[in-house]
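K.L.:
Build me a structure from this.
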Amino acid sequence: MIELAGLTKHYGDKVAVDHLTFVVRPGIVTGFLGPNGAGKSTTMRMMLDLDNPTAGSVRIDGRHYRQLKDPLRYIGALLEAKAMHGGRSAFNHLLCLAQSNGIPRHRVGEVLDTVGLTTVAKKRSKGFSLGMGQRLGIAAALLGDPQVLLFDEPVNGLDPEGILWVRTTMKNLAAQGRTVFVSSHLMSEMALTADHLVVIGQGRLLADTSMAQFIRENSRSYVRLRSPDQERLLDVLHAERITAVQAGGGTLEVDGEPAERLGELAAAHQLVLHELSPQQASLEEAFMQLTAESVEYHAHDGEPPAGAMDGPAGAPAAAPAPAGGWGADWRKKGG
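P.N.:
So this is what the prediction gives:
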């Protein structure tokens with residue numbers, strides 16, 4: 001279990017994380033979402049004591065990370081896949097980690113086999129592709145067989161088979177009763193992987209809820225109907241005080257009524273339906289709706305927005321630097 005209590009981080013005048021309080025529970029996959037610059041990376045670094053909070057605290061099963069003896073046995077993390085010595089082989093990279101945390105040597109071979117890198121175990125990691133680096137990073141996270149796992153963009157650079165493997169692995173780890181915390185910008189993948197969501201924007205908590213409830217509360221759900229006798233269907237719905245909105249393609253949209261009741265009404269009046277389908281927004285649509293006011297960097301289509309051109313020569317104004325990740329040298333970037 002990971003517990004955050006009033007976690008706050010300032011970089012000068014910038015508030016990167018603003019009094020975050022939530023609990024990541026075992027037995028489920030918890031997704032960690034937020035726009036670029038929301039403070040996700042900073043939050044995850046503070047969980048591992050890589051950054052010191054300005055205020056508040058993080059506890060891993062009741063203790064600070066720095067208090068854990070042989071921490072890889074308690075929490076495994078992937079924050080930056082390339083955070084490794086490029087001159088070491090995959091095997092030696094993991095062996096160094098194992099020896100520093102009292103983990104048996106045989107475990108190195110086990111996790112290399114788990115992530116599919118056995119055939120390249122003796123190759124130097126500097127020659128690895130992005131996807132291979134991700135697999136090695138996941139192997140390092142699994143090395144100590146920990147009960148708590150922390151992943152930042154774990155499917156970055158992976159092919160479809162690798163993405164499916166990561167998704168299945170996350171779910172299996174959670175099913176074993178482990179705490180699994182995953183940050184990703186891939187909404188379609190997160191929708192298939194996470195059971196629970198923690199969403200932040202501009203460093204503040206926006207949502208801490210189940211996947212289903214998050215989508216339900218931040219999007220519109222309705223039922224789409226289509227009938228060759230639309231006018232009579234409208235009359236039936238009106239008589240039941242049900243509001244239907246005409247949409248394109250000869251369809252009707254009804255909010256606030258279950259599809260079962262609408263189907264039963266049509267059947268009772270011997271109305272033929274060519275379509276009766278509940279419609280629900282995707283995770284991406286719900287996320288965009290909730291975080292619209294928290295997006296720090298906006299892109300624009302077509303012509304540049306007013307004020308984008310600056311100076312007498314019409315030179316483009318300097319754009320804000322995009323929110324950065326964390327380099328392998330762990331330099332602080334503030335968000």
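K.L.:
List the buried residues for stretch 171-180?
P.N.:
Lys171, Leu173, Ala174, Arg178, Thr179, Val180 (16 or more other CB atoms under 10 Å). No exception for glycine: its C-beta is placed from N, CA and C like everyone else's.
K.L.:
so who does the third one touch?
P.N.:
So the one you mean is Ala174. Pro26, Gly27, Ile28, Val29, Val180, Asp195 (CB atoms under 8 Å, 6 or more residues apart in numbering).
K.L.:
switch to 6 Å and redo it
P.N.:
Ile28, Val29, Val180 (CB atoms under 6 Å, 6 or more residues apart in numbering).
K.L.:
what does the fifth one give?
P.N.:
Contacts were defined as CB under 6 Å, 6+ apart; by that measure Thr179 touches Met1, Val24, Pro26, Val148.
K.L.:
Could you check the pLDDT of Gln134?
P.N.:
For Gln134, the pLDDT comes out at 87.
K.L.:
measure it to Ala81 for me?
P.N.:
Per CB to CB, to the nearest Å, Gln134 is found 5 Å from Ala81.
K.L.:
Check Val180 too.
P.N.:
Counting by CB to CB - Val180 and Ala81 are separated by 18 Å.
K.L.:
Ser227 too?
P.N.:
With distances taken as CB to CB, Ser227 is found 53 Å from Ala81.
K.L.:
got it, and Glu284?
P.N.:
From Glu284 across to Ala81, the span is 24 Å (CB to CB).
K.L.:
what are the C-alpha coordinates of stretch 186-206, in PDB please?
P.N.:
Coordinates of each C-alpha in stretch 186-206 appear next as PDB, following Å, rounded to 0.1, in the frame of the first residue of the first chain:
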ATOM      1  CA  LEU A 186      -2.100   6.000 -23.500                       C
ATOM      2  CA  MET A 187      -5.800   6.300 -22.600                       C
ATOM      3  CA  SER A 188      -6.900   3.300 -24.600                       C
ATOM      4  CA  GLU A 189      -4.400   1.100 -22.900                       C
ATOM      5  CA  MET A 190      -5.100   2.500 -19.500                       C
ATOM      6  CA  ALA A 191      -8.800   1.800 -20.000                       C
ATOM      7  CA  LEU A 192      -8.000  -1.900 -20.600                       C
ATOM      8  CA  THR A 193      -5.600  -2.100 -17.700                       C
ATOM      9  CA  ALA A 194      -6.600   0.000 -14.700                       C
ATOM     10  CA  ASP A 195      -9.400  -0.800 -12.200                       C
ATOM     11  CA  HIS A 196      -9.000   2.500 -10.300                       C
ATOM     12  CA  LEU A 197      -7.900   6.000 -11.300                       C
ATOM     13  CA  VAL A 198      -6.100   8.800  -9.600                       C
ATOM     14  CA  VAL A 199      -6.200  12.000 -11.800                       C
ATOM     15  CA  ILE A 200      -4.200  15.200 -11.100                       C
ATOM     16  CA  GLY A 201      -4.000  18.500 -12.800                       C
ATOM     17  CA  GLN A 202      -1.600  21.300 -12.000                       C
ATOM     18  CA  GLY A 203      -0.400  19.300  -9.000                       C
ATOM     19  CA  ARG A 204      -3.800  19.000  -7.500                       C
ATOM     20  CA  LEU A 205      -6.000  15.900  -7.000                       C
ATOM     21  CA  LEU A 206      -8.900  16.000  -9.500                       C
END
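K.L.:
Other residues contacting that stretch?
P.N.:
For stretch 186-206, contacts defined as CB under 6 Å, 6+ apart pick out 15-18, 20, 22, 28-34, 38-39, 167, 170, 184, 207-208, 210-211, 214, 283-284, 287, 290-291, 294.
K.L.:
Thr30 and Ala174: what is the separation?
P.N.:
Relative to Ala174, and taking CB to CB, Thr30 is found at 9 Å.
K.L.:
Kindly apply the preceding question to Ala141 instead.
P.N.:
14 Å.
K.L.:
now Leu68
P.N.:
Computed as CB to CB, the Leu68 to Ala174 distance reads 21 Å.
K.L.:
In helices only, show me the contacts of Ala174.
P.N.:
Among the contacts of Ala174, no member falls in helices (criterion: DSSP state H).
K.L.:
which one of Ser227 and Ala81 has more residues nearby?
P.N.:
Of the pair Ser227 and Ala81, Ala81 is the one with more neighbours under other CB atoms under 10 Å, namely 24 against 20.
K.L.:
The more buried one: what's it in contact with?
P.N.:
Contacts for Ala81 (CB under 6 Å, 6+ apart) come out as Gly133, Gln134, Gly137.
K.L.:
closest to Arg59 among the residues you listed?
P.N.:
Nearest to Arg59 out of the contacts of Ala81 is Gly137 (CB to CB; 24.4 Å).
K.L.:
If we go by neighbour counts, what in the host helix or strand of the closest one is buried?
P.N.:
Under the criterion of DSSP states H and E, Gly137 resides in helix 130-142. By 16+ other CB under 10 Å, the buried positions in helix 130-142 come out as Gly131, Met132, Gly133, Gln134, Arg135, Leu136, Gly137, Ile138, Ala139, Ala140, Ala141, Leu142.
K.L.:
Verify the stated contact: the first one with Asn156.
P.N.:
No: with contact defined as CB atoms under 6 Å, Gly131 does not reach Asn156; the gap is 8.4 Å.
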